[in-house]
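*Asks:* please work out how this folds:
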Amino acid sequence: RVLPALAAAGSGYQLGVFQAAEGPKSLALAADYSVPLTPRDETHPTGTLCMPSNLTYDQLGLCDGIEDVAQGCVNAGNRWVVFPEVATANCTTFEKASAVQKAGGDAMIVISNSTQMSLFTNNDTSALSILVFRVPVTAKLDAGQSAAVWEYYVSMWDWSEAVIWLIAVSLVAAGAYFATTDIQPQSSMLAQLAPQAEEVLEIDNTFAFSFVVMGSVVLVMLFFFMKYLIYCIIGVFCLGAINVSHTLLRPFIASFCPWSARTIADVPQVGTVASADILSTSVGVVLAVAFLITRNGSPYGWVFQDLIAAGFLMLLQRTFRLNKLKVATLLLCLFFCFDIFFVFLTPYFFHGKSVMVTVATGGGTGETIPMLIRLPAFNDELRLHDRMLGLGDIALPGLCVSFLKRYDLVTHKHWRHGYFIWGLFGYGVGLAACFVLLYLMQTGQPALMTLVPGVLTPTFILAIRRKELARMWDPEAYDGLNPMGSQSQAGVELNSQVCGDRDPIL
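*Replies:* Take a look at the predicted model:
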């Protein structure tokens with residue numbers, strides 16, 4: 001919670017890691033007049049805690065007697081003096097720390113009133129020769145405990161980026177598979193996964209423009225009203241988890257357990273209900289409840305969030321379809337500009353704040369937008385810096401990759417000679433480039449800035465070299481080929497082209 005305030009305050013403050021008696025680690029915020037913290041792999045300060053007892057609130061707020069209290073701690077061999085935070089102007093933290101230093105103490109620790117630690121304020125620019133830092137109220141401290149504090153450091157590069165890369169590429173590939181279940185060789189399970197015609201929404205030019213405008217409006221609304229809307233978003237996310245679970249898991253359950261597909265009830269306004277419906281919906285309820293309980297503070301909350309988010313991506317690829325490279329290019333280019341504007345340019349219009357970054361991090365509400373793939377950094381001992389990738393950075397390029405997969409299937413291309421594998425490869429390269437920029441620039445990057453060129457560049461190069469760009473640009477206008485069609489329709493269309501004036505695409 002203190003990180004945004006620390007960044008705004010500029011240099012002079014240090015974050016540390018505090019640990020008492022091999023217990024849980026806590027964030028420590030050092031005062032600007034404290035001696036600097038040292039890295040953990042170097043010699044870092046250690047000491048024994050002294051927690052003066054029988055001090056009233058009024059006594060803690062006065063400087064008189066603080067030096068005597070600290071002297072008693074030092075005489076007992078405990079040179080790290082601990083005081084609870086007291087909001088009073090009668091004796092500042094700097095004056096208390098000066099008294100501890102004068103008594104011979106090595107450190108003064110202030111226990112914050114809450115988990116949201118505030119910065120130290122001091123009008124005196126003098127530096128002290130002891131440690132002065134604040135820890136949250138959740139820190140477990142007892143008198144006589146040995147304690148240590150060291151500098152808190154997290155590298156911008158972490159192996160969690162490699163895992164997120166693998167997850168994102170896998171989800172794009174899996175999404176393309178889900179998006180083409182209706183034209184792949186049919187098995188009983190695939191037949192149930194394939195959506196009905198009325199469940200599919202074809203994206204055209206109008207939809208692409210509308211989608212960008214709607215996304216911009218929603219993002220700005222979230223920026224201004226995040227403290228009210230964040231809980232609505234979390235609620236919709238949980239309700240969506242139940243729907244996604246039912247839609248995607250029911251076919252698998254019915255396929256592996258045929259008995260579960262039998263109707264067990266006929267519910268008014270709902271229809272027939274089978275055991276597979278109850279089981280798949282129950283999984284969604286469990287995931288939603290687990291996410292609600294663990295979303296803040298738990299080391300495992302990201303697991304449930306990512307499972308639900310992955311389901312959303314699969315359902316989106318199954319529902320929305322592109323049938324022209326022309327529309328895919330328009331959609332990706334629009335969101336290319338959208339991403340760059342809301343990350344890099346909005347600080348010039350919104351008092352130095354990036355709308356995208358502010359919304360993604362919860363806007364100071366203590367919550368985060370759940371529409372993310374989230375993974376804790378492996379080298380972050382306090383787990384404060386999760387690695388995140390927005391669902392849009394997977395879904396939007398994924399729609400184009402799904403179109404390439406569908407085009408390959410409709411035109412009966414072998415995977416080695418198709419476009420899907422190269423589109424997926426370009427997505428992976430683009431995402432890797434984004435991580436390189438993240439490391440070099442040391443700040444968040446709009447992922448679509450590298451993902452859009454990564455997907456479209458190999459697609460256009462191959463299409464031009466194979467002289468298929470005109471057909472892919474608008475297949476239906478070129479020769480009546482309909483990438484939205486079923487497997488049987490694709491075969492009829494392909495056979496008709498063999499007898500026509502143009503050569504078939506093999």
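*Asks:* from now on I want contacts and neighbour counts done on CA atoms only, so please keep to that.
*Replies:* Noted.
*Asks:* Val401 versus the residue nearest the centre of the chain, what's the distance?
*Replies:* Nearest to the mean C-alpha position of the chain, counting by CA atoms, centre = their mean, stands Met388 at 3.1 Å. Met388 sits 22 Å away from Val401, going by CA to CA, to the nearest Å.
*Asks:* ok, back up a step: in terms of helices and strands, where is the residue nearest to the centre of the chain?
*Replies:* When secondary structure is defined by DSSP states H and E, Met388 falls within strand 386-390.
*Asks:* bridged to Ser146, which residues?
*Replies:* Taking DSSP bridges as the rule, Ser146 bridges to Thr48.
*Asks:* strands along the protein, start to end?
*Replies:* Under the criterion DSSP state E, the chain contains strands at 14-20, 25-30, 46-50, 80-84, 107-111, 131-135, 146-151, 201-203, 263-267, 271-274, 320-322, 372-376, 386-390.
*Asks:* what sits up against the last one?
*Replies:* When contacts are taken as CA atoms under 8 Å, 6 or more residues apart in numbering, the neighbours of strand 386-390 outside the stretch itself are Ser160, Glu161, Ile164, Met371, Leu372, Ile373, Arg374, Leu375, Pro376, Ala377.
*Asks:* do the first one as well
*Replies:* By CA under 8 Å, 6+ apart, the residues outside strand 14-20 that reach it are 25-32, 36-37, 135, 140-141, 145-153, 382.
*Asks:* can you tell me which of these are buried?
*Replies:* 25-32, 36-37, 135, 141, 145-153, 382 (16 or more other CA atoms under 10 Å).
*Asks:* surely Ala254 meets Thr263?
*Replies:* No - counting by CA atoms under 8 Å, Ala254 does not reach Thr263; the two are 11.5 Å apart.
*Asks:* contacting residues around Glu95?
*Replies:* Cys63.
*Asks:* so Phe133 makes contact with Leu29?
*Replies:* Yes - at 5.2 Å, Phe133 and Leu29 qualify as touching, with contact defined as CA under 8 Å.
*Asks:* got the phi and psi for Asp474?
*Replies:* Torsion angles at Asp474 (phi, psi; degrees, to the nearest 10) stand at phi -150, psi 80.
*Asks:* and the nearest residue to it once chain neighbours are set aside, how many neighbours?
*Replies:* Computed as CA to CA, 6 or more residues apart in numbering, the closest residue to Asp474 that is not its neighbour in sequence is Lys324, at 5.1 Å. Using other CA atoms under 10 Å as the criterion, Lys324 is surrounded by 24 other residues.
*Asks:* and Lys324, how far from Met449?
*Replies:* Counting by CA to CA - Lys324 and Met449 are separated by 22 Å.
*Asks:* neighbour count winner among Ala254 and Thr263?
*Replies:* For the pair Ala254 and Thr263, the greater number of neighbours falls to Ala254 (21 against 14), based on other CA under 10 Å.
*Asks:* what's the neighbour count on the closest residue to Met371 other than its chain neighbours?
*Replies:* Distances taken as CA to CA, 6+ apart put Leu391 closest to Met371, at 5.8 Å, once the chain neighbours are dropped. Leu391: 17 surrounding residues under other CA under 10 Å.
*Asks:* list the residues that contact Leu391.
*Replies:* Residues near Leu391 by CA under 8 Å, 6+ apart: Ala309, Leu313, Met371, Leu372, Ile373.
*Asks:* buried among these? Need that as a selection in PyMOL.
*Replies:* The buried residues among those can be selected in PyMOL (16+ other CA under 10 Å) with this line:
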select buried, resi 309+313+371+372+373
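*Asks:* and of the contacts of Leu391, the nearest to Ala173?
*Replies:* Comparing the contacts of Leu391 against Ala173 with CA to CA picks out Leu313 as the nearest, at 11.0 Å.
*Asks:* ok, how many other residues are close to Gln442?
*Replies:* Residues lying near Gln442 (other CA under 10 Å) number 12.
*Asks:* and the gap between it and Met214?
*Replies:* 30 Å.
*Asks:* so, low pLDDT: which residues of the stretch 351-500 of the chain?
*Replies:* Counting by pLDDT under 70, the stretch 351-500 of the chain has low-confidence residues at 477-500.
*Asks:* show me where it has helices.
*Replies:* Per DSSP state H, counting those that start in this stretch, the stretch 351-500 of the chain carries helices over the ranges 355-360, 392-410, 420-441, 448-465, 469-473, 475-479, 487-498.
*Asks:* and the first one, what does it pack onto?
*Replies:* Just to be clear, that refers to helix 355-360. Judged by 3 or more CA pairs under 8 Å, 6 or more residues apart in numbering; DSSP states H and E, helix 355-360 is in contact with helix 205-256.
*Asks:* same check, this time on the fourth one
*Replies:* Judged by 3+ CA pairs under 8 Å, 6+ apart, the packing partners of helix 448-465 are helix 325-340, helix 392-410, helix 420-441, helix 469-473.
*Asks:* which one of those helices lies nearest to Asn243?
*Replies:* Asn243 lies closest to helix 392-410 among the helices and strands packed on helix 448-465, at 18.2 Å (CA to CA).
*Asks:* render the CA-only coordinates of the closest one in CSV, please.
*Replies:* Provided in CSV are the C-alpha atoms of helix 392-410 (Å, rounded to 0.1, in the frame of the first residue of the first chain):
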residue,chain,number,x,y,z
GLY,A,392,-7.1,-8.1,-23.7
ASP,A,393,-3.5,-8.7,-24.5
ILE,A,394,-4.3,-12.3,-25.0
ALA,A,395,-7.9,-12.1,-26.3
LEU,A,396,-7.4,-9.5,-29.1
PRO,A,397,-4.4,-11.1,-30.8
GLY,A,398,-6.0,-14.4,-30.0
LEU,A,399,-9.0,-13.5,-32.2
CYS,A,400,-6.7,-13.0,-35.2
VAL,A,401,-4.8,-16.2,-34.5
SER,A,402,-8.1,-18.0,-34.3
PHE,A,403,-9.0,-16.6,-37.7
LEU,A,404,-5.7,-18.0,-39.1
LYS,A,405,-6.5,-21.4,-37.6
ARG,A,406,-10.0,-21.3,-39.1
TYR,A,407,-8.6,-20.3,-42.5
ASP,A,408,-6.1,-23.1,-42.5
LEU,A,409,-8.8,-25.6,-41.7
VAL,A,410,-11.3,-24.3,-44.3
